[in-house]
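Visitor: this one's structure only:
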C-alpha cells in the first residue's frame, strides 16, 4: 500500500535528509518518492541563498532536484504508518498530514512517456516504474558522443 | 464616527485599524529612502525626477472652482510621472490583503489610483508620492518581509504553501532569506532586475505575531463564520441588495 506525507510547508534540505534517513531505516518501507516544485536555476543567488545540496540517505549520496512538497511511501504493511507518524512528529515542526485515502500514490504501470524515454521494448525493473523524474530531459542522464569521423 | 468594518474578532479589529486614517500604524522596521528607490526601480537613487508637464505654478490653467478647492499633491505640483508599487500577499496570515489594501489606501492617501486583483494589489501615484507612500507601506504593519512580496511582475505565489523558513514562493527570487543573518534581503527590484547591493528588509515576523496582526479570516485561524457580527452585517447587505434588485419597491 502507498501513503502520502503532506507537510504544511515545503521542506528544506536538512529536514528532508533527516526524514528520509529515518523513514528508509524502517523495514516495512519498500520505496519512497519525493514530489514537489523544482529547485531554482543554479546561479549566483542560488549559491548564496539557495537550499541546494547533496544529501546523504542511508550512506548514499543523493542530489536533490526538487523541493520536498510531498513524500510518497510504499509500504509492505499498514503497521508502519504509526511509526512514520512518530518520525514525522520528530522532524516536521510545522504540521503535516498523512493521507491514506487513495489505494496508490506511486505509479505502478509503464506509461507512454516511459516508452519514449527508455525505448518501447526496454525492460524497466518493476521497482523503478514510477520513480523516474517525469520532467527530466534525456540529455540530463545520457551523454551522446559524436561518432569519430577521423580515420 | 465612521464605520469601517463590522465584527468582534481580532481580524475585524485589524481591518478597522488599517482602514481608519486616524489609527497610527506601528513602525516595525527602518528602510532608507535610497533603498525604497532601489526596490521600486523607477529611477536610480539621486537621479532627478522626470516630468511629464511643467510645474503647475508655471502652467496657465483655466479658471476652475475645483482646481481652487483641491490642493495638489507634491508630485502633481512638480509634474512628475505616474509610477507604481505592487504587492502580493500570502494567504498564510499575511498582515494585509488586496481588498483591505484598497479600502485603507483610499482612506489614507490622496491623489492615488489603486487596482485590486485576487493575488496582487497595485497603487499608482506621482513618482515622489509613490516613494513616500511605499516607504510607509514597507516600514509599517502593512508589510512582512516573508509573507508579503513587492512584485511588479511575476506575482504568482500568494496561494502556495510557504517554504519551511516561512518565505512565500517567488518565481523571480526577489526576496530571499539569508540563513546567516536571519534577515530577508531583496536582491532584485520589484520587476526582477538585479540590484548591485541587496536591500535588507529585516527579520520575518514570527508566526504568532502574524496571526495576531493578520486581516485574513481562515478556518485554521480566526474563522469568518465564528465572527457573528460580521456575518450578520454581510447577510443583511446581501438580502437587502437582492431584494432591491428583484423589486425596488420593497
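Guide: Nice, thanks for sending it over. Quick caveat: nothing in here was measured; it's all calculated off a predicted structure.
Visitor: For residue B:205, the count of nearby residues, please.
Guide: 25 (other CB atoms under 10 Å in any protein chain shown). All C-beta atoms are positioned from the backbone trio N, CA, C, and that covers glycine.
Visitor: Hmm, it is touching residue B:142, no?
Guide: No: the criterion here is CB atoms under 8 Å, and residue B:205 misses it with residue B:142 at 11.8 Å.
Visitor: Pull the residues that contact the host helix or strand of residue B:125.
Guide: Secondary-structure element containing residue B:125, defined by DSSP states H and E: strand B:120-126. Contact with strand B:120-126 is made by B:73-76, B:78, B:80-89, B:98, B:101-102, B:105, B:109, B:111-115, B:130, B:133, B:137, B:151, B:155, B:158, as judged by CB atoms under 8 Å, 6 or more residues apart in numbering or on different chains.
Visitor: Please enumerate the shared neighbours of residue B:205 and residue B:142.
Guide: Residues touching both residue B:205 and residue B:142 (CB under 8 Å, 6+ apart): residue B:95.
Visitor: what secondary structure does the residue minimising distance to the centre of chain A sit in?
Guide: Chain A has residue A:34 as the residue nearest its centroid, 2.9 Å off, counting by CA atoms, centre = their mean. Here residue A:34 is recorded as strand under DSSP: H, G, I helix; E, B strand; the rest coil.
Visitor: Please list all residues in contact with it.
Guide: A:16, A:20, A:64, A:66, A:68, A:70, A:71.
Visitor: Any idea what it is bridged to?
Guide: residue A:71 (DSSP bridges).
Visitor: same check, this time on the one 4 residues further on
Guide: Partner residues in beta bridges with residue A:38, using DSSP bridges, are residue A:66.
Visitor: re earlier: what's the farthest-apart pair in the contacts of residue A:34?
Guide: Distances among the contacts of residue A:34 were taken as CB to CB; the most separated pair is A:64 and A:70, at 14.3 Å.
Visitor: just for the chain, where's the confidence low?
Guide: By default, I'm working from chain A. Under the criterion pLDDT under 70, the flagged ranges of chain A are A:138, A:141, A:150-151.
Visitor: Let me rephrase: I mean chain B.
Guide: B:1, B:250.
Visitor: those helices in it, which residues are they?
Guide: Taking DSSP state H as the test, the helices found in chain B are B:10-19, B:33-40, B:65-69, B:74-78, B:98-108, B:127-139, B:207-213, B:228-246.
Visitor: I'd like these as TSV, with mean neighbour count appended.
Guide: Listed next are the helices of chain B as TSV, based on neighbours: other CB atoms under 10 Å in any protein chain shown:
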stretch	mean neighbour count
helix B:10-19	21
helix B:33-40	19
helix B:65-69	8
helix B:74-78	17
helix B:98-108	19
helix B:127-139	21
helix B:207-213	16
helix B:228-246	12
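Visitor: out of these, nearest to residue B:188?
Guide: Once these are compared by CB to CB, helix B:33-40 is nearest, at 9.2 Å.
Visitor: what's near enough to touch residue A:68?
Guide: A:7, A:10, A:11, A:12, A:15, A:16, A:19, A:34, A:36.
Visitor: Out of these, list just those in helices.
Guide: Using DSSP H, the subset of the contacts of residue A:68 located in helices is A:15, A:16, A:19.
Visitor: need those in CSV with neighbour count and distance to residue B:55, can you?
Guide: Formatted as CSV, the ones in helices among the contacts of residue A:68 follow (neighbours: other CB atoms under 10 Å in any protein chain shown; distance: CB to CB, whole Å):
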residue, neighbour count, distance to residue B:55
A:15, 17, 58
A:16, 25, 59
A:19, 25, 63
